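A.B. asks: have a look at this prediction, sequence included:
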Amino acid sequence: MVIHIQNLGKIFRVGFKKIPALQNANLIVSASGIVGILGPKDSGKTTLLRILAGLTGWDTGSVQVLGSEDPRDVRRHTGFLPENPSFLANFSPERFLRFCLKLYPGEEITAWETSEQALASLGLTGVRKQRINSLSAGERRLFGVIQAMAHRPDLLLLDDPLRGLDADHRRRLIDLLVAYQRQGKTVVFTTRCLQDIEEISTEVVVLNKGEVRFHEKMNLLQTQCAYTIEAEAGNKRFSFRPGNQKKLWDTLDEARIKDMRIIAMRSSISHILENYYEKQD
Amino acid sequence: MKSKIKILSMAMAKDIVADCAFLALAGGAILLIVAAPWLGPILIGSPSPMTSEIRISVVSLFWLAVVLGWGIAPIARSRDPGLRDTILSKPVARSSFFLASRAAVWIAAAVGVVAAIALIALLGQLQGVASVAVTLTAGYFLLLETALLLAFASLFAALLPARAAGVLTILVYGGGRLFAHWMHAYPDIYPPWVAYLLVGLYPLPPEAGGSAVHLLVALACTVTEVALLLALGRLIFKRRP
């Protein structure tokens, strides 16, 4: 069992006010994969990830990560990218990685090889000796992922890793994470973007107002009626979902079009997820 | 666990020193240019305006204040959620991180003091007033001033963003020095203990004729001030959510 969360509750106290960040959240991730946690702002994504990383406690329920409830034990086997990562800014990426690896005694040599490969695959070899301060925001975020995975953790926890990346960096990071997962590891990441989930996840969790509203494997989701049909009629193009044929027929009737040709069926998991994502109140 | 504190504190201290190095080099270079009798006429068109070892010490203290004002950043940085989460997500205890970040500041301060003493010795050499006694006195003053400065820095860094804390530290410290100058100019207005309490060791330059008793009183006052400031800082720091 990679993650086993039962009735998890977490309340933040700000002055006399109590703000529930998570309430009765349940989640089980049993095998390796890429788990995307989707949710709007303040839905509890970061809090959940920080709890999984052993960085903060919780008020009610139970949390087991990689079979352990002890945060010190958990931190040895997980890697974490914070929402706004920050480093020793005068260090170079290479020097900071060496510093991080010293905190994992006995794993330095193999871990350094992994880090070098990751630097190369993310296109950061050229900046490895520059000061971290001088890197662009996107490069810093990529470097944050590398420092999280340098010791080859079984569970990689990434808080919004794809935010603000350009197309090239985005593609490189997705490839790296997919390759990492294929080695039998688990990657859990948060995002507010449906496209990220569709592109990379093998499992999706929708979190809203501190509750897990939806959890499903992507391949099962894809078998459901979650696609859009794109059609061409005369010189007009339409797209519709299978549940909305009537609207299409009405449109076609109005336009007095008799012949219609289906030109594409686009998988659209976002249509299902949107229902859970948008039900905020 | 001890080795992790060492790894963390050394890494953070190196980061601080790297942060301060440029400023320290620039400040040192300006002082050298101003102080060296043979450099002054070449670079600023007049002989060095500094003539006594006391002036050298005072200017060096300001230089140290500026350097350490920037060095305040790491204290604030240890409160930066991004860095804290990045490091604490590794197998590092929270207490180790806290101790290491404080130790790093003191290690960097020690480097700053050694550099400042070396600069004073060099300035003294250039001015032709170098002696072991002057250097040792300057070193002694610097150590105590550094302690006071770091206490201010810790207090402000616990409350404010890094830059604001740095600026405020320099302002308070610089204001304190100016006030000390003023008190030094009118010593009859206040009883001596007020001067010791408010500005620590300042009223003890050699020409003021400070005795061993004065020195001990001033030392006790400075240590008390530092302890009070640190305790206050800690209290405020602990009360933050």
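C.D. replies: That came through fine.
A.B. asks: would you pull up the residue in chain B closest to chain A?
C.D. replies: Going by C-beta to the nearest C-beta, chain A is nearest to residue B:82 of chain B, at 3.0 Å. Every C-beta, even on glycine, is put in place using the N, C-alpha and C of the backbone.
A.B. asks: that residue: neighbouring residues, count only.
C.D. replies: By the criterion of other C-beta atoms under 10 Å in any protein chain shown, residue B:82 has 17 neighbours.
A.B. asks: sec struct for it, please.
C.D. replies: For residue B:82, the assignment made with DSSP: H, G, I helix; E, B strand; the rest coil gives helix.
A.B. asks: could you report the pLDDT at it?
C.D. replies: Note on residue B:82: pLDDT of 87.
A.B. asks: next: the one 4 residues further on.
C.D. replies: At residue B:86, the pLDDT value in this model is 92.
A.B. asks: give the contact list for the closest residue to the residue of chain B closest to chain A other than its chain neighbours.
C.D. replies: Nearest residue to residue B:82, sequence neighbours excluded (C-beta to C-beta, 6 or more residues apart in numbering or on different chains): residue A:86, at 3.0 Å. Neighbouring residues of residue A:86 by C-beta atoms under 8 Å, 6 or more residues apart in numbering or on different chains: B:77, B:80, B:81, B:82, B:83, B:86.
A.B. asks: let's go with 7 Å and repeat that
C.D. replies: Shown in contact with residue A:86 (C-beta atoms under 7 Å, 6 or more residues apart in numbering or on different chains): B:80, B:82, B:83, B:86.
A.B. asks: I'd assumed residue A:89 was in contact with the residue of chain B closest to chain A.
C.D. replies: No. Using C-beta atoms under 7 Å, residue B:82 makes no contact with residue A:89, being 10.7 Å away.
A.B. asks: helix, strand or coil for residue 133?
C.D. replies: You didn't pick a chain, so chain A it is. What three-state DSSP gives for residue A:133 is helix.
A.B. asks: which SSE is the residue lying closest to it once chain neighbours are set aside in?
C.D. replies: Distance criterion C-beta to C-beta, 6+ apart; nearest residue to residue A:133, sequence neighbours excluded, is residue A:89 at 4.4 Å. According to DSSP states H and E, residue A:89 maps onto no helix or strand at all.
A.B. asks: can you report how many residues lie near residue A:89?
C.D. replies: For residue A:89, the neighbour count with other C-beta under 10 Å is 18.
A.B. asks: list the contacts for it?
C.D. replies: For residue A:89, the contact set (C-beta under 7 Å, 6+ apart) comprises A:131, A:132, A:133, B:15.
A.B. asks: before we move on, the earlier item: tell me the pLDDT of the residue nearest to residue B:82.
C.D. replies: Note on residue A:86: pLDDT of 89.
A.B. asks: then residue A:131?
C.D. replies: Note on residue A:131: pLDDT of 91.
A.B. asks: would you check that it makes contact with residue A:90?
C.D. replies: Yes. In this structure, residue A:131 is within contact of residue A:90 by C-beta under 7 Å, at 5.8 Å.
A.B. asks: the more surrounded of the two?
C.D. replies: When neighbours are counted by other C-beta under 10 Å, residue A:90 comes out ahead of the other of residue A:131 and residue A:90, with 18 against 15.
A.B. asks: report the secondary structure state of the closest residue to chain B within the stretch 1-150 of chain A.
C.D. replies: Of all residues in the stretch 1-150 of chain A, residue A:86 sits closest to chain B, at 3.0 Å by C-beta to the nearest C-beta. Secondary structure, three-state DSSP: residue A:86 is coil.
A.B. asks: re the thing from before, any idea how far the residue nearest to residue A:133 is from residue B:21?
C.D. replies: The gap separating residue A:89 from residue B:21 is 13 Å, by C-beta to C-beta, to the nearest Å.
A.B. asks: repeat that for residue A:199.
C.D. replies: Noted for residue A:199: a distance of 44 Å to residue B:21, by C-beta to C-beta.
A.B. asks: what is the burial count for residue B:122?
C.D. replies: Per other C-beta under 10 Å, the neighbour tally for residue B:122 reads 18.
A.B. asks: how far away is it from residue B:115?
C.D. replies: Counting by C-beta to C-beta, the gap from residue B:122 to residue B:115 is 10 Å.
A.B. asks: near chain B, which residues of chain A?
C.D. replies: Within chain A, the positions near chain B by C-beta under 7 Å from any C-beta of the partner chain are A:14, A:53, A:55, A:72, A:75-76, A:80, A:82, A:84-91, A:99-100, A:102-104, A:147.
A.B. asks: mind giving me the ChimeraX select for these, buried ones only?
C.D. replies: Restricted to buried positions by 16 or more other C-beta atoms under 10 Å in any protein chain shown, the ChimeraX selection for the residues of chain A next to chain B reads:
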select /A:53,55,75,76,80,82,84,85,86,87,88,89,90,91,99,100,102,103,104,147
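A.B. asks: low-confidence ranges in the stretch 51-200 of chain A?
C.D. replies: Applying pLDDT under 70 to the stretch 51-200 of chain A flags residues A:107-110.
A.B. asks: ok, which stretches of it are helices?
C.D. replies: Assigned by DSSP state H, counting those that start in this stretch, the helices in the stretch 51-200 of chain A fall at A:71-77, A:93-102, A:108-121, A:137-149, A:167-182, A:194-200.
A.B. asks: turn these into TSV, including distance to residue B:10.
C.D. replies: Putting these into TSV (distance: least, C-beta to C-beta, whole Å) gives the following:
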stretch	distance to residue B:10
helix A:71-77	21
helix A:93-102	9
helix A:108-121	16
helix A:137-149	18
helix A:167-182	31
helix A:194-200	38
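A.B. asks: what about residue 152, how many residues nearby?
C.D. replies: Because you didn't say which chain, this covers chain A. Here the number of neighbours of residue A:152 (other C-beta under 10 Å) works out to 18.
A.B. asks: not quite, go with chain B.
C.D. replies: With neighbours defined by other C-beta under 10 Å, the count for residue B:152 comes to 26.
A.B. asks: that one contacts residue B:169, correct?
C.D. replies: Yes. If you go by C-beta under 7 Å, residue B:152 and residue B:169 touch, sitting 5.0 Å apart.
A.B. asks: quick check: residues of chain B near chain A?
C.D. replies: Within chain B, the residues that sit near chain A (C-beta under 7 Å from any C-beta) are B:4, B:7, B:11-12, B:15, B:18-19, B:80-83, B:85-86, B:88-92, B:241.
A.B. asks: quick one: buried ones out of those?
C.D. replies: Here, 16+ other C-beta under 10 Å leaves B:4, B:7, B:11-12, B:15, B:18-19, B:80, B:82-83, B:85-86, B:88-92 buried among these.
A.B. asks: could you list which residues are in contact with the residue nearest in space to the middle of chain A?
C.D. replies: In chain A, the centroid-proximal residue (C-alpha atoms, centre = their mean) is residue A:189; its distance is 2.5 Å. Residues in contact with residue A:189 (C-beta under 7 Å, 6+ apart) are A:36, A:37, A:158, A:161.
A.B. asks: in space, what's closest to residue A:150 - neighbours in sequence excluded?
C.D. replies: Using C-beta to C-beta, 6+ apart, the nearest residue to residue A:150 is residue A:115, at 4.4 Å.
A.B. asks: next one: that neighbour from residue A:124, what distance?
C.D. replies: Separation of residue A:115 from residue A:124 (C-beta to C-beta): 10 Å.
A.B. asks: looking at those two, which one has more neighbours?
C.D. replies: A side-by-side neighbour count of residue A:115 and residue A:124, using other C-beta under 10 Å, places residue A:115 first with 23 against 20.
A.B. asks: ok, back up a step: tell me the two of the contacts of residue A:86 that are most distant?
C.D. replies: Maximum pairwise distance in the contacts of residue A:86, criterion C-beta to C-beta, is 9.2 Å, between B:80 and B:86.
A.B. asks: relative to residue A:84, how far out is residue A:160?
C.D. replies: Using C-beta to C-beta, residue A:160 is found at 9 Å from residue A:84.
A.B. asks: with residue A:36 instead?
C.D. replies: Separation of residue A:36 from residue A:84 (C-beta to C-beta): 20 Å.
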